[in-house]
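[1] kindly return the folded structure for what I paste below:
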Amino acid sequence: MSAATQAFGEIGERIAERWLRRLGWRTLNRRFRNGHRDIDLVVERDGTIAFVEVKARRDDRFGGPIEAVHWRKRIELSRSARVWIDRHGRPGEVYRFDVIGVIVNGERVRIRHVEDAFSVAPRA
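    You can find the predicted model right below:
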């Protein structure tokens, strides 16, 4: 990943974090790392923890950012979320996966927030 691509991704994450804050979410972690995998944002509101994958794009010519979270990425996110829960989770919390697509086209920014975007089967 190039430095420019990474910087653009970080801009998308900051936009998504501001969006979530306006909706009453509190940021617990930015870029929670588990090995080479990470979760872009871990946020909390009213006892619900959302593990948020942010996809930033300049346009949606090659499909929207939401569709870019394919099955392999979902598995990686679920593994990292389990590590986060093992380290930081508390009884009574509810967990979900959200995806936020951020399209930045010049001065125009569009956000698409998909709550509870997917689920992963629990460990056996």
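[2] all strands for the chain, in order.
    Secondary structure of the chain (DSSP state E): strands located at 26-34, 37-45, 48-57, 94-105, 108-118.
[3] what's the most buried one of the ones you listed?
    Most buried of the strands of the chain, by mean neighbour count (mean count of other Cβ atoms under 10 Å): strand 48-57, with a mean of 22. For the C-beta atoms, the positions are set from N, CA and C on the backbone; glycine is no exception.
[4] and that strand, which strands flank it?
    In the sheet, strand 48-57 lines up against strand 37-45 (antiparallel), strand 94-105 (parallel) (DSSP bridges).
[5] quick one: work out the angle between that strand and strand 108-118.
    130 degrees (axes from the mean of the first three to the mean of the last three Cα atoms, to 10 degrees).
[6] show me the shaky parts of this structure.
    Per-residue confidence for the chain (pLDDT under 70) gives these ranges: 1, 62-65, 120-124.
[7] what's the single longest helix in it?
    The single longest helix within the chain, with elements called by DSSP state H, is helix 3-22.
[8] contacts for that helix?
    Under the contact criterion Cβ atoms under 8 Å, 6 or more residues apart in numbering, helix 3-22 has outside partners 27, 30-31, 40-41, 43, 52, 54-56, 58, 100, 102, 104, 109, 111, 113.
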